[in-house]
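K.L.:
dropping a prediction and its sequence here:
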Amino acid sequence: MNQIVLIGNMGDFAKVTQFDNGAKVARFQLATHTGRDTKWHRMFAWGNIAQFIERFGSKGKQIVVTGNKVERTYVTKEGVTKKVEEIEVRHVVGM
């Protein structure tokens, strides 16, 4: 099973994209803290979860997310292949 649970703070307001078919995706960064260390996670959510994050999420907002780790690759305009690791949010709770 590929399931991740994170508790952290949103780095900023989510960047929300709405597509022609009405679907939305929200992308944001989540900071998790362990002792003195802070780790940043790239997050994205679709549909109702994206709408919730758009409406109630804000910079510094503490949330709990459950999701799946997703790895993808893409090619930049310069022709360089990049690999990205993200978390697809499946459930979110505001604290």
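P.N.:
That came through, no problem. Keep in mind that what you see is a predicted model, and the values were worked out from it rather than measured. Residues are numbered from 1 along each chain as shown.
K.L.:
where exactly do the strands run in the chain?
P.N.:
Secondary structure of the chain (DSSP state E): strands at 4-10, 15-18, 24-34, 37-46, 62-75, 81-94.
K.L.:
who does the shortest one touch, helix- and strand-wise?
P.N.:
So the one you mean is strand 15-18. strand 24-34, helix 47-56 (3 or more Cβ pairs under 8 Å, 6 or more residues apart in numbering; DSSP states H and E). To be clear about C-beta, it is placed using only N, CA and C from the backbone, and glycine gets the same treatment.
K.L.:
partner residues bridging L30?
P.N.:
Taking DSSP bridges as the rule, L30 bridges to M10, H41.
K.L.:
how far out from the middle of the chain is stretch 69-79?
P.N.:
Computed by Cα atoms, centre = their mean, to the nearest Å, the chain-centroid distance of stretch 69-79 equals 17 Å.
K.L.:
residues contacting it, please?
P.N.:
2, 4, 81-88 (Cβ atoms under 8 Å, 6 or more residues apart in numbering).
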